[in-house]
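Enquirer: Sequence first, then the predicted structure, then my questions.
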Amino acid sequence: MDRRVPTGIEGLDGAIEGGFPEGSLIVVAGNPGTGKTSLAAKFLLTGAELGEPGVYISFAERRQALLENLSRQFGRSLWKFEEEGRLRILDMATMKGEAVPEISEAIINEVQAMGAKRLAIDSFTAMAQAFKEPIDVRAMLHSIFSKLVSQLGCTTVLVSEVPFGSERIGWGLEEFVADGLIILRRMRLEDRPFRELEIVKLRGTKLTQEKIAFTLEGGFQAVPAFRERPIEGPGRFQPIPDPPGKFSSGCAELDRILGGGYERGSTVLFEIEPWISTRQHQLLISPTIWNFLSQGRALIMVPSPSVDPSLAKGWISEGGIPEAEIGALIRICIQREVGAQADPCILQMEGRDIWEDYRKCLDAAEGLTKEGHGPILSVIEVVSLANRYGSDRAINVLGIEATKTRMGRGLMILLLKPCREDLRGNLGAMANVHLRIMREHGAVLLRGIKPRTHLFAIEMDVSKGYPMPKLIPIS
């Protein structure tokens, strides 16, 4: 396999066998504002950090403004890299009127003088506009391809503009001579801003993913397909203090999105789209459960029939919650099983009369409250309730429970799977907070309906010894 030149964009490198082929010419195309400059700059910054000098040729933006903007975006000083001889930014906006040989010679001389291993030209479109004849554009492309890339072995990113309303990339020539073509898009996903990159081609590379979500948050981050990470060295969940009048979600990033956390007495609806696994949506709910239990508060859970109680207790124990606390603080409501072993955590429901079974849950909540374990957190998988007792009865009981939760200043979390759209309207009206978990290009995404939020990518963070959600704004 060709030696790979890493871009430093983890989600992209993982899809292209570790990076661009060494000595290749990569066209990065897209409409204005899609992040092409950010990708090119990230490629060069990564090289500077790895000891591979790079040259940035700018035909569109003046050097000072470019240095200031990119330093602010990436949170590091590009001037420092220049002073150390690892990066050179060349402002060629004033050379647009020059002939092909002069521009080519200036670029080649700069690359040779620095011994550059990486080059970014931003943008070929702006540079080519100075030429009067198409043959001059072809000559410039040939010069870049044959001398810079082939002879000097300098891995090159060539930025090319796609005008709004057009499908043609730049002059329509770049993609045919390039070894790779990446198209960046800024679009709408369920009426929220969303960004995607498409790897149209990349010579000698087996692609594991062709379309990848990305964000310009913190410079340029690609969001690959969700990956579950192994937990090493289990740790104890560190609770987050509750803000005044609220419950922390157990995740500082989610608290910020919600304006501090969940209001006391509120009902929270998680709408779970197709192809979202229990493990994935559990990432957002487990921290709230751990935060309650860590403060001596109780949990009553009505899981899906497909979730075995031992599995539910296993998820809870991942937060380092001791078995004794689990036994004392949680109650899992399941349909009665003949011959099932007695377990203090399990509430056996008959599954015939919803009011009779609901009374058992109320009695359990009252007992836990009297023992000093209130206010109570309820986590209810709605579809199993509706399938067992009927939609109307389930909605009636949930409405009553929402009122009791409000009066008792507790918290109720409802989980709605997509196979019962008939429940969505009633539950959406009932909920104080409505969040949707969805999937696009393999990435798991979160968006707020109440409150309205932008999209956030969800990744698994196990750095503390237990699984936590890492929320990345898609901006």
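Expert: Structure's in. What do you need?
Enquirer: and the protein, what are its domains?
Expert: 4-223, 246-473 (automatic domain parsing).
Enquirer: ok, Leu471 - contacts?
Expert: Cys251, Glu253, Leu254, Ile257, Leu446, Phe456, Ala457, Ile458 (Cβ atoms under 8 Å, 6 or more residues apart in numbering). (Glycine included, C-beta is placed from N, CA and C.)
Enquirer: first to last residue in stretch 3-14, what's the distance?
Expert: End-to-end distance of stretch 3-14 (Cα to Cα, to the nearest Å): 15 Å.
Enquirer: Only the buried residues of it, if you could.
Expert: Arg4, Val5, Pro6, Thr7, Gly8, Ile9, Gly11, Leu12, Asp13, Gly14 (16 or more other Cβ atoms under 10 Å).
Enquirer: How about stretch 229-241?
Expert: Per 16+ other Cβ under 10 Å, stretch 229-241 contains these buried residues: Phe237, Pro239, Ile240.
Enquirer: wait, isn't the first one in contact with Trp290?
Expert: Yes. Phe237 sits in contact with Trp290 when judged by Cβ atoms under 8 Å, with a separation of 4.2 Å.
Enquirer: between the two, what contacts are shared?
Expert: Gly250, Gly319, Ile321, Tyr466.
Enquirer: Number of residues surrounding the first one?
Expert: Neighbour count of Gly250, defined by other Cβ atoms under 10 Å: 26.
Enquirer: Give me the residue ranges of the stretch 51-200 of the chain where confidence is low.
Expert: Counting by pLDDT under 70, the stretch 51-200 of the chain has low-confidence residues at 94-101, 129-141, 143-149, 165-176.
Enquirer: Equivalent analysis for the stretch 201-350 of the chain, please.
Expert: Ranges of the stretch 201-350 of the chain meeting pLDDT under 70: 337-341.
Enquirer: repeat that with 80
Expert: 233-234, 305-307, 336-342 (pLDDT under 80).
Enquirer: What segments of it are helices?
Expert: Taking DSSP state H, counting those that start in this stretch, the helices of the stretch 201-350 of the chain run over residues 252-257, 278-294, 309-317, 323-329.
Enquirer: Out of these, which is the most enclosed?
Expert: helix 278-294 (a mean of 22; mean count of other Cβ atoms under 10 Å).
Enquirer: Distance from the chain centre to that one, please.
Expert: 18 Å (Cα atoms, centre = their mean, to the nearest Å).
Enquirer: Number of residues surrounding the residue nearest to Gly85 when sequence neighbours are not counted?
Expert: Closest residue in space to Gly85, ignoring its immediate chain neighbours: Pro53 at 6.9 Å, by Cβ to Cβ, 6 or more residues apart in numbering. The local packing of Pro53 (other Cβ under 10 Å) involves 21 other residues.
Enquirer: surely Pro53 meets Gln112?
Expert: No. Between Pro53 and Gln112 there is no contact under Cβ under 8 Å: 11.3 Å.
Enquirer: Now do the contacts for Gly320.
Expert: Pro234, Gly235, Arg236, Phe237, Gly465, Tyr466.
Enquirer: which phi and psi does the residue nearest to the third one when sequence neighbours are not counted have?
Expert: This points to Arg236. Leaving aside its sequence neighbours, Arg236 sits nearest to Gly320 (Cβ to Cβ, 6+ apart; 3.4 Å). Backbone torsions of Gly320, given as degrees, to the nearest 10, read phi 80, psi 20.
Enquirer: Equivalent analysis for Glu161, please.
Expert: Dihedral angles for Glu161 - degrees, to the nearest 10 - are phi -90, psi 140.
Enquirer: okay, now it: neighbour count?
Expert: 23.
Enquirer: How about it, nearest residue that isn't a chain neighbour?
Expert: Going by Cβ to Cβ, 6+ apart, Glu161 has Thr125 as its nearest residue, at 4.0 Å.
Enquirer: Which helix or which strand is home to the one you found?
Expert: Using DSSP states H and E, Thr125 sits in helix 124-128.
Enquirer: on contacts alone, who are the packing partners of that helix?
Expert: helix 134-143, strand 155-161 (3 or more Cβ pairs under 8 Å, 6 or more residues apart in numbering; DSSP states H and E).
Enquirer: Identify each buried residue in the last one, please.
Expert: Of all the residues in strand 155-161, those buried under the rule 16+ other Cβ under 10 Å are Thr155, Thr156, Val157, Leu158, Val159, Ser160, Glu161.
Enquirer: what's the spacing between the last one and Leu184?
Expert: Using Cβ to Cβ, to the nearest Å, one obtains 11 Å as the distance from Glu161 to Leu184.
Enquirer: quick one: common contacting residues for these two?
Expert: Ala29, Gly30, Lys36.
Enquirer: Are we agreed that Met412 is in a strand?
Expert: Yes. The assignment for Met412, made by DSSP: H, G, I helix; E, B strand; the rest coil, places it in a strand.
Enquirer: list the contacts for it?
Expert: Shown in contact with Met412 (Cβ under 8 Å, 6+ apart): Ser266, Thr267, Val268, Leu377, Ser378, Val379, Ile380, Glu401, Ala402, Thr405.
Enquirer: what's the answer for Ala93, then?
Expert: Ser58, Phe59, Ala60, Glu61, Arg62, Ala126.
Enquirer: one more time with 10 Å, if that's ok
Expert: Residues near Ala93 by Cβ atoms under 10 Å, 6 or more residues apart in numbering: Ser58, Phe59, Ala60, Glu61, Arg62, Arg63, Ala126, Met127.
Enquirer: same question, Pro451
Expert: Neighbours of Pro451 in contact, by Cβ under 10 Å, 6+ apart: Ile257, Leu258, Gly259, Asn432, Val433, His434, Leu435.
Enquirer: isn't the last one right next to Thr267, touching?
Expert: No. The pair Leu435 and Thr267 fails to qualify as a contact (Cβ atoms under 10 Å) at a distance of 12.0 Å.
Enquirer: tell me, what's touching these two both at once?
Expert: Joint contacts of Leu435 and Thr267 (Cβ under 10 Å, 6+ apart) are Ile413.
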